[in-house]
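S.K.: Structure of the sequence below:
(one chain, ligands or ions: 1)
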Amino acid sequence: MSTEQQHAIPSYLNADHLGPWGTYLQQIDRVAPYLDAHLQRWIETLKRPKRALIVDVPIHLDNGTVKHFEGYRVQHNTSRGPGKGGLRYHQDVTLSEVMALAAWMSIKNAAVNVPYGGAKGGVRVDPRQLSLSELERMTRRYTSEINVIIGPNSDIPAPDVNTNEQVMAWMMDTYSMNLGHSATGVVTGKPISLGGSLGRREATGRGVYVIACEAARQINVEIEGARIAVQGFGNVGGTAARLFAENGAKVVTVQDHTGTIMSLGGLDTVALTKHVAETGGVAGFPGAEKIPDADFWAIETEFLIPAALEGQINEHNASKIRTRIVVEGANGPTTPEADDLLREHNILVIPDVIANAGGVTVSYFEWVQDFSSFFWTEEEINQRLDRVMREAFAGIWLVAQEKNVSVRTAAFIVACTRILTARDVRGLYP
Ligand code: NAD
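M.R.: Got it, this is the predicted structure:
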């Protein structure tokens, strides 16, 4: 990069930036040489968010005092359609993390070819410290603050870490109250009673399982009897774990924010789901051995499913991992250094942008159903989901073989080509 170009880029947009945004920029640098020359000239488009909003979210706590939270909504790219991406509540959320998550949504939506750009939101809060009514007030105030840039045709939030159907219902209601009429299509992942879609709650975990099966077929790994490690036992990890277990695999270890448990004979994933719902985490699950968190990575398995937060597989633990296939349920769980180490050890990595795209695919179905006010059966939804996921995987796998690149780079080649082709034909305004 020339000095002139370096000076033109603010430090927070630089690839040396640590954390998820730096990871994303390195991924773009890796894919750039594989793009057609006429698209390469647009690559800078992908290295900056289109729009980033920081909002102050003040609320009355139950004890009468006022507390301020910082919230974000980032629209990374809207060349192919409205912004689309989840809303995260977490005490460590930062603007640069939300920028990365928004950018991965642009790539993901293009990788599975749903007609959306990429967006993401976050509030820097530990929601476990708030009462239900405080959480509702915070959600409503945050929604009002980002009201200026969201909408069914402009940017459509959905659940992510620590947000759920109830949070989406409050967002939909707040947006609709400001508008003067009900706008169900402003968020997805809503309760069924409010225009939500059958199958949405399980869609991301289901997609992880479907893609894991496709990847396993390519390298002759059997699901029956396979050993599975899952990090994160929430919406994504919990659903994926149950599907693996239902289909004859053994979930041998699970880690979440409360600790790590192991049972080499296989954990009862249904009972574990109940335990997590009752106690808030996997710790203390009867019949399982508690092990140190660091030991999780070295347990021998056929599938490792990171389904918690970013940067969990990194240069410190990647060399310890003993598995055949990593299926990224979480967004950005593997750093570029770890990606290289896993490839050296012949471990297949199925990247987030395809592995966890089931959620946004059924979110797309939900949005389409809301617009047409015509709702599909769960069977129709699951069939369409499976087809979209399998076709996307097949196309990306082919590119990986043809160009002898990782599945991640192949997914980025497919996605960036779609985004930048749209950019190219649209041209620049004015
Ligand atoms: P969730 O809130 O339902 O669950 C998060 C899980 O991560 C919990 O089990 C929690 O205990 C665990 N966790 C948190 N911090 C941890 C830590 N430090 N170490 C180990 N475990 C930890 O969230 P979710 O919706 O299942 O999302 C999980 C991941 O999947 C995120 O990366 C999210 O962006 C991604 N994702 C979610 C969806 C979706 O539809 N919900 C779609 C695509 C991607």
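S.K.: Buried ones in stretch 110-130, by neighbour count?
M.R.: Applying a neighbour-count criterion of 16 or more other C-beta atoms under 10 Å, one finds 110-114, 116-125, 127, 130 buried in stretch 110-130. (Each C-beta comes from the backbone N, C-alpha and C, glycine too.)
S.K.: could you pull out the helices for the stretch 201-350 of the chain?
M.R.: If DSSP state H, counting those that start in this stretch is used as the criterion, the helices of the stretch 201-350 of the chain fall at 235-246, 269-279, 336-344.
S.K.: What is the shortest one packed up against?
M.R.: Pointing back at helix 336-344 there. Counting contacts by 3 or more C-beta pairs under 8 Å, 6 or more residues apart in numbering; DSSP states H and E, helix 336-344 packs against helix 20-31, strand 348-350.
S.K.: any bit of the last one sitting next to the ligand?
M.R.: No - in this structure, strand 348-350 remains apart from the ligand according to C-beta under 6 Å from any ligand atom; the gap is never smaller than 13.4 Å.
S.K.: what residues does the stretch 251-400 of the chain put near the ligand?
M.R.: Checking the stretch 251-400 of the chain against the ligand by C-beta under 6 Å from any ligand atom, the hits are Q255, D256, H257, G281, A307, A308, L309, G329, A330, N331, N356, G359.
S.K.: Would you point out which residue of the stretch 101-250 of the chain is nearest the ligand?
M.R.: G234 (1.9 Å; C-beta to the nearest ligand atom).
S.K.: In contact with C213, which residues?
M.R.: C213 sits next to I223 when contact means C-beta atoms under 8 Å, 6 or more residues apart in numbering.
S.K.: my bad, should have said D155
M.R.: Shown in contact with D155 (C-beta under 8 Å, 6+ apart): R73, Q75, P82, G83, K84, A119, I149.
S.K.: Strands - which of those residues land there?
M.R.: Judged by DSSP state E, the subset of the contacts of D155 located in strands is R73, Q75, G83, K84, A119.
S.K.: Just give me the neighbour total for the first one.
M.R.: R73 sits with 29 neighbouring residues when counted by other C-beta atoms under 10 Å.
S.K.: Ok, N220 next?
M.R.: Number of residues near N220 (other C-beta under 10 Å) recorded here: 7.
S.K.: circling back to that earlier point, give me whichever of the helices of the stretch 201-350 of the chain is most buried.
M.R.: helix 235-246 (a mean of 24; mean count of other C-beta atoms under 10 Å).
S.K.: Can you dump the C-alpha atoms of it in PDB for me?
M.R.: C-alpha atoms of helix 235-246 as PDB (Å, rounded to 0.1, in the frame of the first residue of the first chain):
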ATOM      1  CA  ASN A 235     -29.800 -20.600  20.200                       C
ATOM      2  CA  VAL A 236     -27.200 -21.800  17.600                       C
ATOM      3  CA  GLY A 237     -25.100 -24.200  19.600                       C
ATOM      4  CA  GLY A 238     -28.000 -25.800  21.500                       C
ATOM      5  CA  THR A 239     -30.000 -26.500  18.400                       C
ATOM      6  CA  ALA A 240     -27.100 -27.800  16.400                       C
ATOM      7  CA  ALA A 241     -26.100 -30.100  19.300                       C
ATOM      8  CA  ARG A 242     -29.600 -31.500  19.600                       C
ATOM      9  CA  LEU A 243     -29.700 -32.200  15.800                       C
ATOM     10  CA  PHE A 244     -26.400 -34.000  15.800                       C
ATOM     11  CA  ALA A 245     -27.500 -36.100  18.800                       C
ATOM     12  CA  GLU A 246     -30.900 -36.900  17.200                       C
END
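S.K.: Give me the residues contacting that helix.
M.R.: The contact list for helix 235-246 (C-beta under 8 Å, 6+ apart) reads 159, 164, 201-202, 204-206, 208-209, 212, 223, 226, 228, 230-231, 233, 251, 254, 256, 266-270, 272-273, 276, 303, 305, 307-308, 327, 329-330, 356, 359.
S.K.: I'd like to check the angle between that helix and helix 269-279, please.
M.R.: Helix 235-246 runs at 150 degrees relative to helix 269-279, counting by axes from the mean of the first three to the mean of the last three C-alpha atoms, to 10 degrees.
S.K.: Once you drop chain neighbours, what's closest to the closest residue to the ligand within the stretch 1-150 of the chain?
M.R.: Closest to the ligand within the stretch 1-150 of the chain is G86: 6.1 Å, counting by C-beta to the nearest ligand atom. In space, and not counting its chain neighbours, G86 is closest to D160: 3.0 Å by C-beta to C-beta, 6 or more residues apart in numbering.
S.K.: how about that neighbour, what does it touch?
M.R.: Taking C-beta under 8 Å, 6+ apart, one finds G85, G86, L87, R88, L101, K120 in contact with D160.
S.K.: List phi and psi for it.
M.R.: phi -140, psi -150 (degrees, to the nearest 10).
S.K.: do A308 as well
M.R.: Torsion angles, degrees, to the nearest 10, at A308: phi -120, psi -90.
S.K.: what about it, how many residues close to it?
M.R.: If you count neighbours by other C-beta under 10 Å, A308 ends up with 20.
S.K.: before we move on, the earlier item: the residue of the stretch 1-150 of the chain closest to the ligand pairs with what?
M.R.: G86 has these beta-bridge partners by DSSP bridges: A158.
S.K.: That one touches K108, doesn't it?
M.R.: No - G86 lies out of contact with K108 (C-beta atoms under 8 Å); the separation is 11.0 Å.
S.K.: looking at this, G71 is in a strand?
M.R.: Yes - assessed by DSSP: H, G, I helix; E, B strand; the rest coil, G71 belongs to a strand.
S.K.: give me the number of residues near it?
M.R.: Neighbour tally, G71, other C-beta under 10 Å: 25.
S.K.: Distance check, it against G359.
M.R.: 21 Å (C-beta to C-beta, to the nearest Å).
S.K.: who touches the residue lying closest to Q91 once chain neighbours are set aside in this structure?
M.R.: Excluding the flanking residues, the one nearest Q91 by C-beta to C-beta, 6+ apart is D126, at 4.1 Å. Shown in contact with D126 (C-beta under 8 Å, 6+ apart): Y89, H90, Q91.
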